[in-house]
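Student: coordinates for the following, if possible.
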Amino acid sequence: GKDVIIVETVGAGQVEVDIAAAADTTLLVLNPGAGDDIQTLKAGILEAADILVVNKADRDGADRLRADLEAMTALKDTTKERRPPVVPTEAVNGQGIDGLAEAIEAHRDYLRRTNGLAARRRSRLRPELLAAAAKAWREARGRPAGGGDGGGGAARRSGGRGGAPAGAPRAGGGPGPGGR
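Tutor: Just a heads-up that it's a prediction; the model follows:
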């Protein structure tokens, strides 16, 4: 393992949500005037973010985007102990980078203090364990690890007809799968 791994994605789709679920700390970086606010609401990715970053904070609309994000996070869940901070940055000028680093470290400290880091990591183990068990089960039954028959699965390996149409006679003389 490494101490810190940074994964960058582009967009706000299911892949990004999946990556956020695999991360200890998730940053959502938005730019003013790029329509990011609408995309964020559509994708529901705001809920996955631990820290919200308004990059290009020197541009028109940055203050409004920041205020909108702060308002949205305030409305989401008032029972949470921690709301994601909104951190303005200007990557080109190096502005706000120290503040962003502090926000990341504060989130990590929060996770350690509340046992959230261990809880996040445990929550990721269940799907991994289920996937590994399903793969082992498929392989034990003579099927490819990817699931399904894949055209060369158990029937072909066991001497059956593999891709024969349903109801077609088998080598043993009986009907094929589904033709009973």
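
Student: for the helix ranked longest in the chain, give the mean pLDDT please.
Tutor: Using DSSP state H to define each element, the chain has its longest helix at helix 116-140. Helix 116-140 carries an average pLDDT of 88.

Student: elements contacting that helix?
Tutor: helix 97-113 (3 or more CB pairs under 8 Å, 6 or more residues apart in numbering; DSSP states H and E). To be clear about C-beta, it is placed using only N, CA and C from the backbone, and glycine gets the same treatment.

Student: how close does Thr114 get to Asp18?
Tutor: 24 Å (CB to CB, to the nearest Å).

Student: what residues sit buried inside the longest helix of the chain?
Tutor: For helix 116-140, the buried set under the neighbour-count rule, 16 or more other CB atoms under 10 Å, comprises Gly116, Leu117, Arg138.

Student: mean confidence score for the helix or strand hosting Leu65?
Tutor: Per DSSP states H and E, Leu65 falls inside helix 62-76. The pLDDT scores in helix 62-76 average 86.

Student: buried residues in that helix?
Tutor: The neighbour-count check on helix 62-76 (16+ other CB under 10 Å) flags Ala62, Leu65, Arg66, Asp68, Leu69, Met72, Thr73 as buried.

Student: tell me the strands beside whichever helix or strand comes after that helix, with direction?
Tutor: Downstream of helix 62-76, the first helix or strand assigned by DSSP H and E is strand 86-88. Counting by DSSP bridges, the strands paired with strand 86-88 are strand 51-54 (parallel).

Student: can you name the residues in contact with the helix holding Leu65?
Tutor: Applying CB atoms under 8 Å, 6 or more residues apart in numbering, the contact partners of helix 62-76 are 30, 32, 36-37, 41, 46-47, 52, 54, 56-57, 83-84, 86, 88.

Student: most neighbours among those residues, please name it.
Tutor: Val54 (27 neighbours; other CB atoms under 10 Å).

Student: list the buried residues of the host helix or strand of Ala20.
Tutor: For Ala20, the element it lies in under DSSP H and E is helix 14-22. Buried positions in helix 14-22, judged by neighbour count with 16+ other CB under 10 Å: Glu16, Val17, Ala20.

Student: dump those residues to CSV, plus pLDDT.
Tutor: Below are the buried residues of helix 14-22 laid out as CSV (pLDDT from 0 to 100):
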residue, pLDDT
Glu16, 70
Val17, 72
Ala20, 79
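
Student: could those go into a markdown table alongside distance to Ala106?
Tutor: Below are the buried residues of helix 14-22 laid out as a markdown table (distance: CB to CB, whole Å):
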| residue | distance to Ala106 |
| --- | --- |
| Glu16 | 23 |
| Val17 | 23 |
| Ala20 | 18 |
